[in-house]
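[1] Next comes the sequence, and after it the predicted model I'd like to discuss.
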Amino acid sequence: MESMTWLEAAIEALKLSGHPLTVVKILDQIQSQSLHAITGKTPEATVGAALYTAIQSGDPRLKQAGPAQFEYTGVVVDSATIKNIGRLEFIPVTEVWPHEANDFTPWLLENSDELGIALGIEIELESRERQVGKFSLDLFGRDATNDCPLAIENQLYKTDHSHLGQLLTYAAGTDALTAIWISSEFRDEHREALEYLNNLANGSARFFGIELKVGKIGNSEPAPIFDLVVQPSNWRTKIKTDRAKNSEGGQEYRAFWEKYLEKLHSEYPGLTKARVPASRFAMNIVSLGRGVKLFGAQLSGEILSCEVYIDTGEHDPNLAIFNALHEQKESIEKIIGAKLQWEELSNRRACRIRLTCDGQIRDLKQQEKLVNWLLKYQVKFYEAFGPAVRNLDKSMWETSQDQDLEED
């Protein structure tokens with residue numbers, strides 16, 4: 001099993017799958033087909049680097065199908081004819097981001113998709129240097145997949161006790177149920193500390209450790225590599241299992257969302273970073289903007305809903321965004337090909353826009369039809385609302401909390 005290199009094993013995994021895969025899915029295939037031994041820490045960075053290097057070097061067997069998505073082209077070549085493979089070299093992260101607060105944190109705020117891909121969740125970063133008492137959290141936002149606050153602590157050097165304490169203090173001060181510690185190098189005792197916290201949380205909160213690296217191939221531009229070194233147990237395949245078992249219908253909902261995600265990733269790779277199926281009636285698929293989510297939901301047990309849900313945390317910004325989108329109602333509905341329900345939800349803080357059909361997602365006989373319906377319209381919603389949301393005036397997202405921070 002060790003005779004194959006990681007690159008050869010990855011190419012064989014892609015060949016066997018017949019469709020694009022992320023590095024995580026490639027590793028799953030490698031393990032299930034016994035192509036290469038995987039022990040201890042999952043070598044995602046190693047496999048990803050091997051694939052990127054091969055593509056950069058012109059290996060005709062591979063192409064990039066989307067963000068962090070790779071595909072086998074079907075081209076068969078003799079190994080002797082393949083061009084020399086370049087060597088991935090790692091450089092100090094401080095050569096790219098000399099200062100954590102001034103350089104790396106602002107970059108991550110604008111490039112949160114890179115981190116979301118590594119974690120397999122949708123991330124909405126809202127602010128940096130968020131005040132928590134007399135201290136400042138590096139980055140604050142939401143884990144849109146699990147619908148909870150998210151806290152990130154950055155460190156461009158080897159982990160230390162003070163940053164572990166800061167991470168816990170900031171998570172507690174913001175009620176964050178997803179906490180992420182990014183460092184250029186993790187000490188063993190700090191990995192064990194995060195694993196201990198994950199075991200204590202037992203799915204009610206999530207602690208992640210990310211080793212940040214920067215790689216170059218020859219004279220190429222430097223590329224960030226997020227290596228997931230600590231994650232909740234069985235994060236990739238199983239989450240909130242105990243909660244699902246104890247809630248009526250949890251397993252049935254999970255089965256539907258698992259089937260839906262499999263089809264979504266197969267037919268539209270790159271549209272969502274969500275990998276873990278929900279064990280409840282609703283699931284966030286993708287963030288269109290801060291507080292603007294594309295959802296699928298079962299309503300009253302009888303109706304399947306495809307919807308854009310708007311909740312920035314305050315009513316006035318929600319309504320402003322809703323009204324701005326409503327002004328584009330005609331062009332949006334033309335793209336989608338259906339009349340939508342535009343709901344201000346006057347008795348709630350949030351607003352929503354949705355399209356519904358009859359059906360019970362927990363009914364096995366209806367699942368295939370409902371998966372196809374939801375996939376069709378969520379893609380259309382994404383095509384219609386994605387550009388519309390991105391083109392809105394950024395001041396619409398300004399909440400009273402943002403104004404308070406500016407005054408401080």
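    Yep, that arrived.
[2] So in the chain, where's the weakest helix or strand by average pLDDT?
    None of the helices or strands of the chain scores lower by mean pLDDT, DSSP states H and E than helix 241-246, at a mean of 41.
[3] Quick check: next helix or strand after it?
    Downstream of helix 241-246, the first helix or strand assigned by DSSP states H and E is helix 250-267.
[4] Could you list the buried residues of that next one?
    250, 252-257, 259-261, 264-265 (16 or more other CB atoms under 10 Å). From N, CA and C alone the C-beta is placed, and that goes for glycine too.
[5] Check stretch 370-386 too.
    370-371, 373-375, 377-382, 384-386.
[6] do stretch 171-179 as well
    Residues 171, 173-174, 176-179 are the ones in stretch 171-179 that count as buried (16+ other CB under 10 Å).
[7] Minimum pLDDT in the buried residues of helix 250-267, which residue is that?
    Across these, the bottom pLDDT score, 65, is held by residue 250.
[8] related to what we said a few turns ago, could I get the buried residues of stretch 370-386 as TSV with distance to residue 142?
    Output for the buried residues of stretch 370-386, formatted as TSV (distance: CB to CB, whole Å):
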residue	distance to residue 142
370	27
371	26
373	28
374	23
375	25
377	24
378	20
379	23
380	25
381	20
382	19
384	23
385	18
386	18
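[9] Output those residues as JSON lines; include the columns pLDDT and secondary structure.
    Compiled in JSON lines, the buried residues of stretch 370-386 are given as follows (pLDDT from 0 to 100; DSSP: H, G, I helix; E, B strand; the rest coil):
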{"residue": "370", "pLDDT": "92", "secondary structure": "helix"}
{"residue": "371", "pLDDT": "92", "secondary structure": "helix"}
{"residue": "373", "pLDDT": "94", "secondary structure": "helix"}
{"residue": "374", "pLDDT": "93", "secondary structure": "helix"}
{"residue": "375", "pLDDT": "92", "secondary structure": "helix"}
{"residue": "377", "pLDDT": "93", "secondary structure": "helix"}
{"residue": "378", "pLDDT": "91", "secondary structure": "helix"}
{"residue": "379", "pLDDT": "91", "secondary structure": "helix"}
{"residue": "380", "pLDDT": "92", "secondary structure": "helix"}
{"residue": "381", "pLDDT": "92", "secondary structure": "helix"}
{"residue": "382", "pLDDT": "91", "secondary structure": "helix"}
{"residue": "384", "pLDDT": "91", "secondary structure": "helix"}
{"residue": "385", "pLDDT": "91", "secondary structure": "helix"}
{"residue": "386", "pLDDT": "89", "secondary structure": "helix"}
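[10] of those, closest to residue 73?
    Nearest to residue 73 among the buried residues of stretch 370-386, counting by CB to CB, is residue 379 at 24.8 Å.
[11] What is the burial count for the residue nearest to that closest one when sequence neighbours are not counted?
    Excluding the flanking residues, the one nearest residue 379 by CB to CB, 6 or more residues apart in numbering is residue 268, at 6.2 Å. Close neighbours of residue 268, defined as other CB atoms under 10 Å, add up to 14.
[12] what do you get for the one 3 residues further on?
    The local packing of residue 271 (other CB under 10 Å) involves 18 other residues.
[13] Quick check: it touching residue 288?
    No. Residue 271 is beyond contact range of residue 288, at 11.5 Å (criterion: CB atoms under 8 Å).
[14] which residues are in contact with both of the two?
    Jointly contacting residue 271 and residue 288 under the rule CB atoms under 8 Å, 6 or more residues apart in numbering are residue 382.
[15] Could you tell me how far residue 312 is located from residue 105?
    Separation of residue 312 from residue 105 (CB to CB, to the nearest Å): 22 Å.
[16] Neighbour count: these two, which is higher?
    Set residue 312 next to residue 105 and count neighbours by other CB under 10 Å: residue 312 wins out with 24 against 20.
[17] Correct me if wrong, but residue 142 is in a strand.
    Yes. Secondary structure of residue 142 (DSSP: H, G, I helix; E, B strand; the rest coil): part of a strand.
[18] Excluding sequence neighbours, find me the nearest residue to it.
    Closest to residue 142 by CB to CB, 6+ apart is residue 124, at 4.6 Å.
[19] residues near the one you found, how many?
    By other CB under 10 Å, 20 other residues sit near residue 124.
[20] Could you do residue 96 as well?
    By the criterion of other CB under 10 Å, residue 96 has 18 neighbours.
[21] Can you give me the pLDDT of it?
    According to the prediction, residue 96 has pLDDT 90.
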